[in-house]
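[1] Compute the structure for the input listed below.
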Amino acid sequence: MEMVEEKLSALSIARRSCPEEPSYMLDLSMQPSRSGSAQGHLLAVSCSDFSIHLHDKDTLKLLGDYKGHSGALCGVTFAHTYPDLLYSASADGTVRTWDVRRPDTEAVQVFKSDPSHHYCSFDLNCSDLVLCAGTEQVSDEDSFLVFWDSRVSGKMGASGGSSDGTLLGVYSESHSDDITQVHFHPRDKDRLASGSTDGLVNVFDLSLGGEDEALLATCNSGSSVSSVCWSGKDYTQLLCLSHDEGLQLWDLSQLDTDEPLTIYSTVDARSLRLFSGSEESVDYLVGGQWMEEAQRLVVVAGTNSGDLHLLDCDGRGLRLLRSLRGGHTTTVRCFLWDTSSAGEDNLVTGGEDGQLLLWKPGGEELMPGKTESMKCDSVLKVKSRLHKKHDYHRDKKTT
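    Coordinates of the predicted model:
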């Protein structure tokens, strides 16, 4: 714990990037290093104007962008073993692959499924072989997990057309509303977690066969799921955040025991007193990340004025590690930790003010002074649905 607090206590703004045409920054992905070569130097940012920006991760300089999606983006991720490939998915019903050696070019691969499918989550497994996307609710009771072989797909032609690629299969019975989260296990290529506005978080082992056989557990978050994160030693724990700022931490190593899965739970993190001697609180939860070296789960929370709070999370609850002020001017949408920089833990954040910030230990901003808020309600309409209660039950272990 002391090591984490010491590292975080030195964080300050080192770089700031503000685009000429502001848009919400929705998701971030860091280029991994190549085997036997220098670390990756690129940072990909998905934006609310349907574009993907490519930045230098150390200077935040804009290197280029990709435009091809015609609907809201639901994520962006670099391939793990082929770091020149970048994947993105969109509500336009496509998952696209981009070659980051050629900024400002068309997608080199396009994956599709049924024309009625609009994706609101996706991920690539750790072996880079399987893509999965979660759809919005298609009809009154249907939403789908769609799987492709990432090695085979349609390619964009001069006319913009493409084939559907190679579909591996579709899961259709595990969720009944928008599938807002799809996350593969960081080390197990067959382990997948999915979350939905139906309140359920499902864990699958894709090696076991069909959908019924693959479903290992169904955890009920009690509310619409906004984020899931693998954590804990050997990544046997699962963090779930909800759209109404609830938090659940489950221990999946207890699946085959009679012990409860829930390690910690709060229905509303905004009601917790995290600041000793102060009335200050958090307004929202951004997400969580497992700090491998320190073996700690850090949850990032924020205020509507742009302040950030870094929280330690375990079975004892949430505890404040560090507050970061003077950076953003409004809601922060995304963050990631860069642990590859000479032993330093750098933090990158992006938000609705159109700013991309790099926080470094002992950082000194070269261009000081934050910009005025560029938030615009018309930039992005955020869809939210009331949590729906379901009366069906599963045979698998649930919380």
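[2] Which pLDDT value goes with residue 155?
    On the pLDDT scale, residue 155 is placed at 49.
[3] before we move on, what about residue 268?
    At residue 268, the pLDDT recorded in the model is 95.
[4] before we move on, what about residue 45?
    pLDDT, residue 45: 97.
[5] shift numbering so it begins at 11
    Shifting the count to begin at 11 puts that one at residue 55.
[6] Cross-check the contact I'm expecting between it and residue 38.
    Yes: at 5.7 Å, residue 55 and residue 38 qualify as touching, with contact defined as C-beta atoms under 8 Å. (Each C-beta comes from the backbone N, C-alpha and C, glycine too.)
[7] which one of the two has more residues nearby?
    A direct count of neighbours by other C-beta atoms under 10 Å for residue 55 and residue 38 places residue 55 higher, at 26 against 23.
[8] Distance check, the more buried one against residue 301.
    Separation of residue 55 from residue 301 (C-beta to C-beta, to the nearest Å): 22 Å.
[9] One more: residue 293?
    Where residue 301 is concerned, residue 293 sits at a distance of 24 Å (C-beta to C-beta).
[10] The two: who's more crowded?
    Comparing residue 293 with residue 301 by neighbour count (other C-beta under 10 Å), the higher total belongs to residue 301, at 18 against 15.
[11] which residues does the more buried one contact?
    Listed by C-beta atoms under 8 Å, 6 or more residues apart in numbering, the contact set of residue 301 reads 14, 307-308, 347, 349, 355.
[12] which of these count as buried?
    The neighbour-count test (16 or more other C-beta atoms under 10 Å) applied to these identifies 14, 307-308, 347, 355 as buried.
[13] of all the residues you listed, which comes closest to residue 177?
    Nearest to residue 177, judged by C-beta to C-beta, of the buried ones among the contacts of residue 301 is residue 347 at 34.1 Å.
[14] what secondary structure does the closest one sit in?
    Following DSSP: H, G, I helix; E, B strand; the rest coil, we place residue 347 in the strand state.
[15] That one: what's it in contact with?
    299, 301, 308, 355-358 are the contacts of residue 347 under C-beta under 8 Å, 6+ apart.
[16] In strands only, show me these.
    299, 301, 308, 355-358 (DSSP state E).
[17] Report the two of the residues you listed separated the most.
    Greatest spatial distance among these (C-beta to C-beta): 301 and 358, at 14.9 Å.
[18] Output the below-cut-off pLDDT ranges for the stretch 111-260 of the chain.
    163-175 (pLDDT under 70).
[19] if we go to 80?
    Within the stretch 111-260 of the chain, the stretches with pLDDT under 80 are 150-151, 162-175.
[20] quick one, longest helix in the protein?
    Of all the segments of type helix in the chain, defined by DSSP state H, the longest one is helix 12-19.
[21] Which residues does it contact?
    301, 304, 306, 308, 320, 322, 331-332, 354-355, 371.
[22] average pLDDT across the strand or helix carrying residue 87?
    Here residue 87 sits within strand 83-88, counting by DSSP states H and E. Mean pLDDT, strand 83-88: 97.
[23] Following element in sequence after it, please.
    Downstream of strand 83-88 (by DSSP H and E), the next one is strand 95-100.
[24] Any idea what the spatially closest residue to residue 233 that is not a sequence neighbour is bridged to?
    Nearest residue to residue 233 in three dimensions, chain neighbours excluded: residue 252, at 3.9 Å (C-beta to C-beta, 6 or more residues apart in numbering). Bridge pairing for residue 252 (DSSP bridges) gives the partners residue 235.
[25] give me the number of residues near residue 252?
    What residue 252 shows, counting by other C-beta under 10 Å, is a neighbour count of 23.
[26] who's in contact with it?
    Contacts of residue 252 (C-beta under 8 Å, 6+ apart): 231-236, 258.
[27] Need the overlap of contacts for residue 55 and residue 38.
    Joint contacts of residue 55 and residue 38 (C-beta under 8 Å, 6+ apart) are 86, 344, 360.
[28] Pull up the gap between the second one and residue 264, please.
    Counting by C-beta to C-beta, the separation of residue 344 from residue 264 is 31 Å.
[29] ok, these two, which is more surrounded?
    residue 344 (22 against 18).
[30] so residue 189 sits right up against residue 210, yeah?
    No: assessed by C-beta under 8 Å, residue 189 is found out of contact with residue 210, at 9.7 Å.
[31] These two: which has the busier surroundings?
    residue 189 (32 against 22).
[32] How about the more buried one: what's its closest non-neighbour residue?
    residue 144 (2.8 Å).
[33] For the strand or helix carrying that neighbour, list the C-alpha coordinates in PDB.
    According to DSSP H and E, residue 144 maps onto strand 140-145. Presented in PDB, the C-alpha positions along strand 140-145 are these (Å, rounded to 0.1, in the frame of the first residue of the first chain):
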ATOM      1  CA  VAL A 140     -10.900 -14.000 -31.300                       C
ATOM      2  CA  LEU A 141     -12.900 -10.800 -31.500                       C
ATOM      3  CA  CYS A 142     -16.200 -10.400 -29.600                       C
ATOM      4  CA  ALA A 143     -18.700  -7.700 -29.800                       C
ATOM      5  CA  GLY A 144     -21.900  -7.100 -27.700                       C
ATOM      6  CA  THR A 145     -25.000  -5.700 -29.400                       C
END
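[34] What strands flank it, and is each parallel or antiparallel?
    strand 129-134 (antiparallel), strand 155-159 (antiparallel).
[35] I'm done for today, thanks for sticking with me.
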